[in-house]
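In: Take this sequence and fold it.
(one chain, ligands or ions: 1)
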Amino acid sequence: MRLDYLSIFPAYFDVLDISLVGKAAINGLVEIHAHDLRDWTHDRHRTVDDTPCGGGAGMVMKPDPWGEAFDEIIGTESDPSVHVIFPAPSGTPFTQSAAAELSSAQRIVFCCGRYEGIDHRVIDYARSMWTVHEVSLGDYVLNGGEVAALAITEAVVRLVPGFMGNPESLAEESFSAGQDGLLEYPLFTRPVSWRGLDVPEVLMSGHHGRIASWRRDESVRLTRERRPDLTDSDSSGIH
Ligand SMILES: COc1ccc(Cn2ccc3ccc(-c4cc(N)[nH]n4)cc32)cc1
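Out: Here you go, the predicted model:
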């Protein structure tokens, strides 16, 4: 899997060399390329923004640098196997199933906007050439697309076959299909007693049936408490 990042702050992606994603890069599972959008400007000030047509506050990212960057990084041929991701507050909420789908992609290009956003023709042009995803991380406002691109990268790359040492652990996580759409149960490890707080006795009983039952009850309780929106979905084991 090749991952490209287009941004006016490409240094945001240096962190990928440190993290687990960096390890995947070393063992050849993923290739990471960060690019400075200003490299495709031609004026002295390396300008990437301009005032919004129709008025309004803030600045909008000009289409020209994006188009030239696309030509060089992706090419001028249409290819639906290339996934182009535009993080945006107006995007579709990003989900674990979206991460799972993207984990089989061979190429993902992250377009990280800043200011008030990117000229919409850039997205329209990308849609005419590749598979485009406009995604939101959640109902809160970031200053640009870079943090979202990092979060999406981690969610996707950890699902790439061969990345996780213990792929079975993926099946037990919150939001993974195997959990019936329920939140993960509380976790404990040694010491059994810590600052007057004890591990639930059932977990020390060695009785696998009771442990499984306790864990499911806890998942149901937590999901009802924190994510009632998940309890009505068909995939959840509770209704
Ligand atoms: C309300 O309108 C706004 C428009 C743009 C911005 C700043 N900005 C510029 C590019 C960009 C890309 C993604 C995001 C983002 C994504 C999520 N889930 N929150 N925020 C924010 C972004 C702030 C607010």
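
In: The longest strand anywhere in the chain and the ligand, are they touching?
Out: If you go by DSSP state E, the chain has its longest strand at strand 82-93. Yes: interface with the ligand: strand 82-93 contributes 87-89 (C-beta under 6 Å from any ligand atom). Every C-beta, even on glycine, is put in place using the N, C-alpha and C of the backbone.

In: Let's see if you can find the most crowded of these.
Out: Pro87 (25 neighbours; other C-beta atoms under 10 Å).

In: Isn't it up against Gly113?
Out: Yes: contact criterion C-beta atoms under 8 Å: Pro87 and Gly113 qualify, at 7.3 Å.

In: Need the residues touching each of these two.
Out: Shared contacts of Pro87 and Gly113 (C-beta atoms under 8 Å, 6 or more residues apart in numbering): Gly145.

In: Show me where the chain has its strands.
Out: 2-7, 31-36, 49-50, 60-61, 82-93, 107-111, 131-136, 193-194, 197-198.

In: Which strands or helices does the fourth one pack on?
Out: Using 3 or more C-beta pairs under 8 Å, 6 or more residues apart in numbering; DSSP states H and E as the contact test, the elements touching strand 60-61 are strand 49-50.

In: what does the second one give?
Out: Packed against strand 31-36, as judged by 3+ C-beta pairs under 8 Å, 6+ apart, are the following elements: strand 2-7, helix 20-26, helix 63-73.

In: Just put those in TSV and tack on distance to the ligand and mean neighbour count.
Out: Output for those, formatted as TSV (distance: least, C-beta to the nearest ligand atom, whole Å; neighbours: other C-beta atoms under 10 Å):
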stretch	distance to the ligand	mean neighbour count
strand 2-7	10	22
helix 20-26	20	17
helix 63-73	13	17
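
In: The ones you listed: lowest mean pLDDT?
Out: Lowest mean pLDDT within the helices and strands packed on strand 31-36: helix 20-26, at a mean of 78.

In: Can you name the residues of this protein sitting close to the ligand?
Out: So the chain meets the ligand at 87-89, 113-114, 116-117, 136-138, 140-145, 148 (C-beta under 6 Å from any ligand atom).

In: Could you save the helices and strands packed on strand 31-36 as CSV and add columns showing distance to Gly56?
Out: Formatted as CSV, the helices and strands packed on strand 31-36 follow (distance: least, C-beta to C-beta, whole Å):
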stretch, distance to Gly56
strand 2-7, 23
helix 20-26, 37
helix 63-73, 17
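
In: just for this protein, where's the confidence low?
Out: Scanning the chain for pLDDT under 70 picks out 166-167, 169, 171-172, 174, 176-178, 233-239.
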